[in-house]
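> Predicted coordinates and the sequence they were generated for:
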Amino acid sequence: QLQLVESGGGLVQPGGSLRLSCAASGFTLGTYAIGWFRQAPGKEREGVSCISSAGGRTNYAESVKGRFTISRDTAKNTVYLQMNSPEPEDTAVYYCAASRTGCWNHIRRNEYEYWGQGTQVTVSS
């Protein structure tokens, strides 16, 4: 059974840092692209970043470029989202998801088949 479990969320101050983890089971990272999405209260879920199944391609939303970094550890079958210099506008529930379509120059929710349960990130002083 394919499963994704996010962890690492919490309260972080503006300008701080936080690392989210997405542990995959039931499949290997080499078969699916992994994306990170977020959903703030009253807003639609939006794509934040993705990494290809081979790990060689990444993509970021304009709002997080230069601040967030996606990476993966194939030995641990885990994908990470390093959040540096977060801003209050980054407050949301963060989800990771798996896609057979891949990570290209867009991060579209409807291309991701499997989802984790989400982890809350709150950026506040």
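Noted; the coordinates are in hand.
> Contacts only, for the spatially most central residue of the chain.
The residue lying closest to the centre of the chain (CA atoms, centre = their mean) is Trp36, at 2.3 Å. For Trp36, the contact set (CB atoms under 8 Å, 6 or more residues apart in numbering) comprises 20, 22, 47-50, 70, 79, 81, 94-97. (Each C-beta comes from the backbone N, C-alpha and C, glycine too.)
> Now, the residues you listed that are in strands?
20, 22, 47-50, 70, 79, 81, 94-97 (DSSP state E).
> where along this protein do the strands fall?
Counting by DSSP E, residue ranges of the strands within the chain are 3-7, 10-12, 17-25, 33-39, 46-51, 58-60, 68-73, 78-84, 92-99, 114-115, 119-123.
> Looks like Trp115 contacts Leu2 (just checking).
No: look at Trp115 against Leu2 with CB atoms under 8 Å: they stay out of range, at 10.3 Å.
> Could you check which of the two has the larger neighbour count?
Trp115 (16 against 12; other CB atoms under 10 Å).
> Tell me the bridge partners for the closest residue to Val48 other than its chain neighbours.
The shortest distance from Val48 to any non-neighbouring residue, by CB to CB, 6 or more residues apart in numbering, is to Trp36 (4.4 Å). Beta-bridge partners recorded for Trp36 (DSSP bridges): Ser49, Cys96.
> Trp36 and Gly66, how far apart?
Trp36 sits 16 Å away from Gly66, going by CB to CB, to the nearest Å.
> What's the local residue count around Tyr60?
Neighbours around Tyr60, by other CB under 10 Å: 18.
> Thank you kindly, that will do.
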